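Peer 1: Need coordinates for the following:
(4 chains)
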There are 2 protein chains.
Amino acid sequence: MPLDHEELEAIQSVRTGSRHVRAGEVILDHETDGEECMTLFSGWAMRQRALESGKVQITSFLMAGSFIDAGFELANGDGYSIEAITDVELCLFSAADLKKRFGANAVLSRALATLAQSEEALLFEHMTDIGRRSAMERLAHFLLETYTRQKMLGMAGNDYCPFPLRQHHLADAMGLSFEHVNRMLKELKEKGWVAISGGRLYIMDFASLGRYCDFDDSYLRPRPIF
Amino acid sequence: MPLDHEELEAIQSVRTGSRHVRAGEVILDHETDGEECMTLFSGWAMRQRALESGKVQITSFLMAGSFIDAGFELANGDGYSIEAITDVELCLFSAADLKKRFGANAVLSRALATLAQSEEALLFEHMTDIGRRSAMERLAHFLLETYTRQKMLGMAGNDYCPFPLRQHHLADAMGLSFEHVNRMLKELKEKGWVAISGGRLYIMDFASLGRYCDFDDSYLRPRPIF
DNA sequence: CGAGACATTGAACTGAATCAAAGCCTGTGG
DNA sequence: CCACAGGCTTTGATTCAGTTCAATGTCTCG
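Peer 2: Residues are numbered from 1 along each chain as shown, chains lettered A, B, ... in the order given. Coordinates of the predicted model:
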């Protein structure tokens, strides 16, 4: 978004290819090697941490424009991985080349920093969800966040957006059991606030939802996409 | 750490001063204006999000070397703030100047990116704590993390480190009630694994603790300090 | 049609929150 | 040097949000 034609060119010039990953497959885990960077071009993916106990925490959902630095992700240790939720199209970059440009071009480096920061803002809010909101508030908040992110990407209609997540994804992202997610979702629907069906999320009463869970979208800033 | 003399010089040259903040005071909130960046030079601080309901989530504890980009923090919206826990010494930089250098010097920009990434790794693990570990596991994990961070900064003795946090800080960071923190802490002490007293955290059985909460320090990478 | 994955519902259980009192330091002022 | 105020910590009793266990239902696709 804050990138002009020339910067886009600069980035495109270090592009080394693209990669297609099928729904459900691993994009990156501790067994992967490689130092490349990627951008999620289309589809949804998730970053997760699996514990010894078998429990899983989804730390973020990746959508169009999300940036992945393999070298960095892999340093996190076992248990961390990124997996495709839907079919996914990735743009690949050589990390070395990218970092060369990145050092040579102030606008570019700022774009990457902005990207990292907006990712972090999401994490802060997500953590607050899990730590200090009730199950229903968490869900309401998460659904509004997701709708808003999709809207910013131009993927949303007036009151709906694509929604490929299953209830167990919600559970693992919100730190809840999937049965409880099911019950809370049902209640939110009975209130006439949201509905999920046919792979879509319908926000039927944005105002009530927002009031209920104290949603303020200012932490969701527009991000550069390339 | 990956910075050589020249880069340090480069950074020092955009330093605009320092600032002292007393324990308990606000370093930054939505009422602050300013675009500067800062480095925490000494002391402990916390980044937190306050909800309408009065509940608070501490998203991170800042210690020596933590980097704060005011411009970015302030964009997060109401409710977010950074506050000093102990007396704190900050180094100030002009954001504009820093970003100029940052664009002009590849090593420097990489240092800042590394900083952001290592911050993010902490958030991932912290989220897993809150979402998928039991209260006692969370505490055990957090205490090991804290000890390890302090050790990497050279602040720790063989089995102890400084620990200025109160039980209510732990509660707000882990998403628990302070009473429950108290009970769990007591149990961890009775097991002979840790003790907190006189402003210090004593790790009395690192191995057992680590085994108990599935602690793996690889997400805690050494970071550049300036 | 049948298998597997996902969703729904109900009942019993439990980890952690809340509510309610005391206890215990530490610094401050008389 | 003692008293006592305010901020922490500790402990106990009670309640509740969310988990677990156990079925049953439903969709989709080969």
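Peer 1: just checking, next helix/strand downstream of the top helix by length along chain A?
Peer 2: Longest helix of chain A, by residue count under DSSP state H: helix A:106-132. Downstream of helix A:106-132, the first helix or strand assigned by DSSP states H and E is helix A:135-152.
Peer 1: SS state for residue A:215?
Peer 2: coil (DSSP: H, G, I helix; E, B strand; the rest coil).
Peer 1: scratch that, residue A:19 is what I was asking about
Peer 2: Secondary structure, three-state DSSP: residue A:19 is strand.
Peer 1: give the contact list for residue A:63.
Peer 2: A:40, A:44, A:149-150, A:153 (C-beta atoms under 8 Å, 6 or more residues apart in numbering or on different chains). Yep, even glycine has a C-beta here, placed from its N, CA and C like the rest.
Peer 1: swap the cut-off to 6 Å and go again
Peer 2: Residue A:63 makes contacts with residue A:44, as judged by C-beta atoms under 6 Å, 6 or more residues apart in numbering or on different chains.
Peer 1: got it, and residue A:47?
Peer 2: Residue A:47 touches A:59-60, A:82, counting by C-beta under 6 Å, 6+ apart.
Peer 1: between these, which is closest to residue A:115?
Peer 2: residue A:60 (12.7 Å; C-beta to C-beta).
Peer 1: Say whether DNA strand C is contacted by the helix or strand harbouring that closest one.
Peer 2: Assigned by DSSP H and E, residue A:60 belongs to strand A:56-62. No. In terms of C-beta under 7 Å from any atom of the strand, no part of strand A:56-62 sits within range of DNA strand C; the closest distance is 13.0 Å.
Peer 1: Can you report how many residues lie near whichever residue of chain A sits closest to DNA strand C?
Peer 2: Going by C-beta to the nearest atom of the strand, DNA strand C is nearest to residue A:167 of chain A, at 3.5 Å. For residue A:167, the neighbour count with other C-beta atoms under 10 Å in any protein chain shown is 15.
Peer 1: Give the phi and psi angles for it, as a check.
Peer 2: phi -60, psi -30 (degrees, to the nearest 10).
Peer 1: Tell me who's in contact with it.
Peer 2: Contacts of residue A:167 by C-beta under 6 Å, 6+ apart are A:178, A:181-182.
Peer 1: So residue A:48 versus residue B:128, what's the distance?
Peer 2: Noted for residue A:48: a distance of 9 Å to residue B:128, by C-beta to C-beta, to the nearest Å.
Peer 1: out of these two, which sits in the busier spot?
Peer 2: Comparing residue A:48 with residue B:128 by other C-beta under 10 Å, the one with more neighbours is residue B:128, at 27 against 22.
Peer 1: List the contacts of that one.
Peer 2: By C-beta under 6 Å, 6+ apart, the neighbours of residue B:128 are A:49, A:57.
Peer 1: buried set for stretch A:52-72?
Peer 2: By 16 or more other C-beta atoms under 10 Å in any protein chain shown, the buried positions in stretch A:52-72 come out as A:56-70, A:72.
Peer 1: Does at least one residue of it sit close to DNA strand D?
Peer 2: No. Stretch A:52-72 is not in contact with DNA strand D by C-beta under 7 Å from any atom of the strand; minimum separation 7.9 Å.
Peer 1: Any idea how far apart the tips of that stretch sit?
Peer 2: 22 Å (C-alpha to C-alpha, to the nearest Å).
Peer 1: from the chain's centre, how far out does it sit?
Peer 2: Offset of stretch A:52-72 from its chain centre (C-alpha atoms, centre = their mean, to the nearest Å): 8 Å.
Peer 1: per-residue confidence averaged over that stretch?
Peer 2: In this model, stretch A:52-72 has a mean pLDDT of 94.
Peer 1: and if you look at stretch A:81-91?
Peer 2: 96.
Peer 1: what's the span of it from first residue to last?
Peer 2: End to end - C-alpha to C-alpha - stretch A:81-91 spans 18 Å.
Peer 1: wait, does that stretch make contact with DNA strand D?
Peer 2: No. Using C-beta under 7 Å from any atom of the strand, stretch A:81-91 stays clear of DNA strand D, coming no nearer than 13.0 Å.
Peer 1: For burial, what's the neighbour tally of the one residue in chain A that gets nearest to DNA strand D?
Peer 2: Residue nearest to DNA strand D within chain A (C-beta to the nearest atom of the strand): residue A:180, separated by 3.0 Å. Other residues near residue A:180 number 16, with proximity taken as other C-beta under 10 Å.
Peer 1: Am I right that it is in a strand?
Peer 2: No. Assessed with three-state DSSP, residue A:180 is helix; it does not lie in a strand.
Peer 1: ok so, going back, intersect the contacts of residue A:47 with the contacts of chain B.
Peer 2: residue A:59 (C-beta under 6 Å from any C-beta of the partner chain).
Peer 1: for DNA strand D, what are the nearby residues on chain A?
Peer 2: So far as C-beta under 7 Å from any atom of the strand goes, chain A lies against DNA strand D at A:134-136, A:175-177, A:179-180, A:183.
Peer 1: circling back to that earlier point, for the closest residue in space to the residue of chain A closest to DNA strand D that isn't next to it in sequence, which residues are in contact?
Peer 2: Of all residues not flanking residue A:180 in the chain, residue A:135 sits nearest, at 5.9 Å (C-beta to C-beta, 6 or more residues apart in numbering or on different chains). The contact partners of residue A:135, by C-beta under 6 Å, 6+ apart, come to A:176, A:180, A:184.
Peer 1: and which of the residues you listed is nearest residue B:101?
Peer 2: residue A:176 (45.2 Å).
Peer 1: Neighbours of the nearest residue to residue A:25 once chain neighbours are set aside, how many?
Peer 2: Among residues not flanking residue A:25 along the chain, residue A:84 sits closest, at 5.4 Å (C-beta to C-beta, 6+ apart). Residue A:84 has 22 neighbouring residues, counting by other C-beta under 10 Å.
Peer 1: Against residue A:69, how distant is residue A:84?
Peer 2: 18 Å.
Peer 1: cool, and residue A:139?
Peer 2: 30 Å.
Peer 1: now swap in residue A:205 and tell me
Peer 2: Taken as C-beta to C-beta, the span from residue A:205 to residue A:69 is 39 Å.
Peer 1: Domain map for chain A?
Peer 2: Using automatic domain parsing, the domains assigned to chain A come out as A:5-111, A:116-219.
Peer 1: Which of the ones you listed comes out lowest on mean pLDDT?
Peer 2: domain A:5-111 has the lowest average pLDDT among these, namely a mean of 89.
Peer 1: now the residues of chain A next to DNA strand D in CSV, with distance to residue B:217?
Peer 2: Converted to CSV, those look like this (distance: C-beta to C-beta, whole Å):
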residue, distance to residue B:217
A:134, 33
A:135, 32
A:136, 36
A:175, 23
A:176, 28
A:177, 30
A:179, 35
A:180, 33
A:183, 38
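Peer 1: so which of those is the most crowded?
Peer 2: residue A:175 (22 neighbours).
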